[in-house]
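A.B. asks: Need the 3D shape of this:
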Amino acid sequence: MNISLTDFYLLHSDKLYGDPLFKKQIIGHQRFLKFDNILSERAVFDKILIQFLEEAELTLSLINDLDLTGKDVLEIGGGLGFVYGYLQKAGINIYGIEPSDSGFDGYFNAAMQLFKIIDVDESHFYPFSAKECIKLNKQFDIIFSNNVLEHIPELDESFSAMKSVLDPYGLMVHNTVNYLIPYEPHFKMMLFPFYPKLTVLFKPSLRSSSLWNGLNFITTGKLKRICKIKNLSIEFKKDALYNTLLRLENDPMFAQRQKYFIPLYRVLKFTGLMKILVKIPIALTTPITFTIRRK
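C.D. replies: Residues are numbered from 1 along each chain as shown. As a prediction, the model looks like this:
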């Protein structure tokens with residue numbers, strides 16, 4: 001399409017706000033954010049919607065350099081359906097899966113509402129988890145996900161399923177957290193080094209968090225081991241951390257959410273050390289972006 005994902009959905013923002021189910025799902029994320037109490041409900045809705053759209057733009061950027069024409073494409077963890085809906089409108093043969101019974105309950109049903117509002121075919125969007133993608137009974141040229149793998153407890157089983165639906169000449173593109181770095185971006189907090197699960201000893205309230213309990217503390221080493229066992233090749237992108245830090249300057253909402261890293265970014269930029277970030281071993285960076293192919 002000749003319009004960005006964000007601009008496309010902002011054209012429909014009034015209808016999205018007017019849908020009770022979709023509005024409830026968006027407004028529900030207010031508990032994770034800090035907004036001025038004087039903001040109206042519509043203002044809060046718009047701010048959170050923009051945040052979701054920024055993440056959807058990041059997801060889309062993972063496959064922007066790939067030719068999607070005539071390809072069968074699968075998004076793992078489609079969330080509220082922003083990427084699926086946008087690519088459907090663009091005429092791409094996109095499939096999406098989003099479990100309806102996960103810690104992100106409500107996403108799938110809200111996505112169904114979104115598709116009705118923007119008038120796209122929802123029949124290729126399924127309430128499946130990653131390990132259930134085999135139920136699609138189809139092979140895909142491109143499989144992708146953004147900030148999803150860290151929420152999959154059955155990572156080994158899920159990779160087996162994704163491999164089974166990956167075309168022999170296809171590829172996967174994923175972006176996720178590297179928990180060798182003791183920082184949790186969803187909770188915006190430091191973790192107990194090397195044994196992140198022990199963080200609950202210092203923050204007991206995490207024990208009752210479904211988000212925390214559903215985290216899979218993924219690392220580059222774990223990914224390499226899984227791929228070796230499954231006869232898959234994996235290649236990490238070297239500038240993922242560099243591009244993430246640049247977002248602190250170019251993405252005000254992202255900067256607000258990750259404000260603790262702004263001083264670090266300013267020091268690196270002032271000293272000219274930003275350039276060396278692409279030379280740091282991938283195992284010591286987060287987030288991590290990588291492609292996977294069959295050997």
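
A.B. asks: Which residues does the lowest-mean-pLDDT helix or strand in the chain contact?
C.D. replies: The helix or strand of the chain with the lowest confidence, counting by mean pLDDT, DSSP states H and E, is helix 252-257 at a mean of 74. Helix 252-257 is contacted by residues 33, 47, 50-51, 54, 188, 247-249, 262 when judged by Cβ atoms under 8 Å, 6 or more residues apart in numbering. Every C-beta, even on glycine, is put in place using the N, C-alpha and C of the backbone.

A.B. asks: Following element in sequence after it, please.
C.D. replies: The helix or strand immediately downstream of helix 252-257 is helix 262-271, counting by DSSP states H and E.

A.B. asks: Name the residues of whatever helix or strand comes next after that next one that come out as buried.
C.D. replies: Counting by DSSP H and E, the next helix or strand C-terminal to helix 262-271 is strand 288-294. Residues 288-292 are the ones in strand 288-294 that count as buried (16 or more other Cβ atoms under 10 Å).

A.B. asks: The stretch 1-150 of the chain: strands as residue ranges?
C.D. replies: All strands of the stretch 1-150 of the chain, identified by DSSP state E, counting those that start in this stretch, fall at 72-76, 93-97, 125-126, 140-146.

A.B. asks: Just send those back as a markdown table, with distance to V83, mean pLDDT and mean neighbour count too.
C.D. replies: Compiled in a markdown table, the strands of the stretch 1-150 of the chain are given as follows (distance: least, Cβ to Cβ, whole Å; pLDDT from 0 to 100; neighbours: other Cβ atoms under 10 Å):
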| stretch | distance to V83 | mean pLDDT | mean neighbour count |
| --- | --- | --- | --- |
| strand 72-76 | 6 | 98 | 24 |
| strand 93-97 | 8 | 98 | 23 |
| strand 125-126 | 11 | 98 | 22 |
| strand 140-146 | 8 | 98 | 23 |
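
A.B. asks: follow-up on the earlier one: got the buried residues for the least confident helix or strand of the chain?
C.D. replies: 253-254, 257.

A.B. asks: Next: stretch 230-238.
C.D. replies: So, applying 16+ other Cβ under 10 Å, buried residues of stretch 230-238: 232, 234, 236-237.

A.B. asks: now could you export just the CA positions of that stretch as CSV?
C.D. replies: The C-alpha trace of stretch 230-238 is given here as CSV (Å, rounded to 0.1, in the frame of the first residue of the first chain):
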residue,chain,number,x,y,z
LYS,A,230,16.9,-29.6,14.6
ASN,A,231,19.4,-29.3,11.7
LEU,A,232,18.7,-25.6,11.2
SER,A,233,21.1,-22.8,10.4
ILE,A,234,20.8,-19.5,12.4
GLU,A,235,22.3,-16.2,11.5
PHE,A,236,22.2,-13.2,13.9
LYS,A,237,21.8,-9.6,12.7
LYS,A,238,24.7,-7.5,14.0
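
A.B. asks: still on that earlier bit, from the buried residues of stretch 230-238, which ones fall inside strands?
C.D. replies: Per DSSP state E, strands hold the following members of the buried residues of stretch 230-238: 232, 234, 236.

A.B. asks: my guess is K237 meets F290, correct?
C.D. replies: Yes: between K237 and F290 there is a contact at 6.3 Å, judged by Cβ atoms under 8 Å.

A.B. asks: Show me the shaky parts of the stretch 101-250 of the chain.
C.D. replies: 101-105 (pLDDT under 70).

A.B. asks: thinking again about what came up before, with distance to Y9 as added columns, please give the buried residues of stretch 230-238 in TSV.
C.D. replies: Shown next, in TSV, are these (distance: Cβ to Cβ, whole Å):
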residue	distance to Y9
L232	34
I234	33
F236	31
K237	27
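
A.B. asks: Name the nearest residue to T219, ignoring sequence neighbours.
C.D. replies: Closest residue in space to T219, ignoring its immediate chain neighbours: L180 at 4.6 Å, by Cβ to Cβ, 6 or more residues apart in numbering.

A.B. asks: Now do the one you found against I288, distance only.
C.D. replies: 10 Å (Cβ to Cβ, to the nearest Å).

A.B. asks: Which residues are in contact with each of the two?
C.D. replies: In contact with both L180 and I288: T220, using Cβ under 8 Å, 6+ apart.
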